[in-house]
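Engineer: please find the sequence and the predicted model below.
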Amino acid sequence: MVSDVNLELLVSRLTPVVRKNLSCPTIVQGTLSTAGRATVLTAPEVLAAVQQLDADKLKNQQDLELGRRQREATVAANKPKKAELAAAQERTKWANVWCLVSEEAAEEGRHRLHRLYPSPRKLVLRERANKQRKLFHVPNAGDCRQRGLL
């Protein structure tokens, strides 16, 4: 037993807490609050509040599970589309590479053929230039370089 209790101080300190007169237990920040009341935990109000908390938790879990299933179904539905798109991109990439390689090969072949088989017009012009060089004794530019004149 405590003999030295100042009842006036105790009452002044307890009064704000005791003044809270909640008509029934309430849920505050996800927990059951029975502030200001002496409440039996097996009272129907408390049991109803606890059952409401459990029902809310179960509903949230079901909502989360439903959302997860919907996302999984969407991902499963999109997988073939993504695979098809990736395959198409791969084919396009290799087609572009092949196009570049074949264009380069064709261009190189065209130049090689032009060097090996010049056009008849070009042959005529070359022949005419050779005749004029022989007539006027104009040295070939390559000859001048070889002789050290240029």
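Structural biologist: Okay, I see it. Bear in mind that the values here come from a model prediction, so they are computed numbers and not experimental data. Residues are numbered from 1 along each chain as shown.

Engineer: following the chain past the longest helix along the chain, name the next helix or strand.
Structural biologist: When the chain is parsed with DSSP state H, its longest helix is helix 44-116. Later in the chain than helix 44-116, the nearest helix or strand by DSSP states H and E is helix 120-136.

Engineer: helices or strands next to that next one in the packing?
Structural biologist: Counting contacts by 3 or more CB pairs under 8 Å, 6 or more residues apart in numbering; DSSP states H and E, helix 120-136 packs against no other helix or strand. Every residue, glycine included, has its C-beta placed from N, CA and C.

Engineer: what is the orientation angle of it with helix 44-116?
Structural biologist: Between helix 120-136 and helix 44-116, the angle comes out at 40 degrees (axes from the mean of the first three to the mean of the last three CA atoms, to 10 degrees).

Engineer: burial of residue 124, as a residue count?
Structural biologist: For residue 124, the neighbour count with other CB atoms under 10 Å is 10.

Engineer: low-confidence regions, the protein specifically.
Structural biologist: Applying pLDDT under 70 to the chain picks out residues 1-43, 137-150.

Engineer: per the annotation, how does it divide into domains?
Structural biologist: Domain assignment for the chain by automatic domain parsing gives 7-117, 118-150.

Engineer: about what we covered before: show me what the longest helix of the chain is packed up against.
Structural biologist: strand 26-28, strand 31-33.

Engineer: could you redo the last one with a cut-off of 7 Å?
Structural biologist: On a contact count with 3 or more CB pairs under 7 Å, 6 or more residues apart in numbering; DSSP states H and E, helix 44-116 meets strand 31-33.

Engineer: and residue 113, how close does it get to residue 121?
Structural biologist: Here residue 113 is placed at a distance of 16 Å from residue 121 (CB to CB, to the nearest Å).

Engineer: now residue 112
Structural biologist: 19 Å.

Engineer: what do you get for residue 97?
Structural biologist: On the measure of CB to CB, residue 97 and residue 121 end up 37 Å apart.

Engineer: then residue 129?
Structural biologist: Residue 129 is 13 Å from residue 121, by CB to CB.

Engineer: neighbour count winner among these two?
Structural biologist: residue 129 (12 against 8).

Engineer: list the contacts of the more buried one.
Structural biologist: Going by CB atoms under 7 Å, 6 or more residues apart in numbering, residue 129 touches no other residue.

Engineer: and if you look at residue 44?
Structural biologist: By CB under 7 Å, 6+ apart, residue 44 has no neighbours at all.
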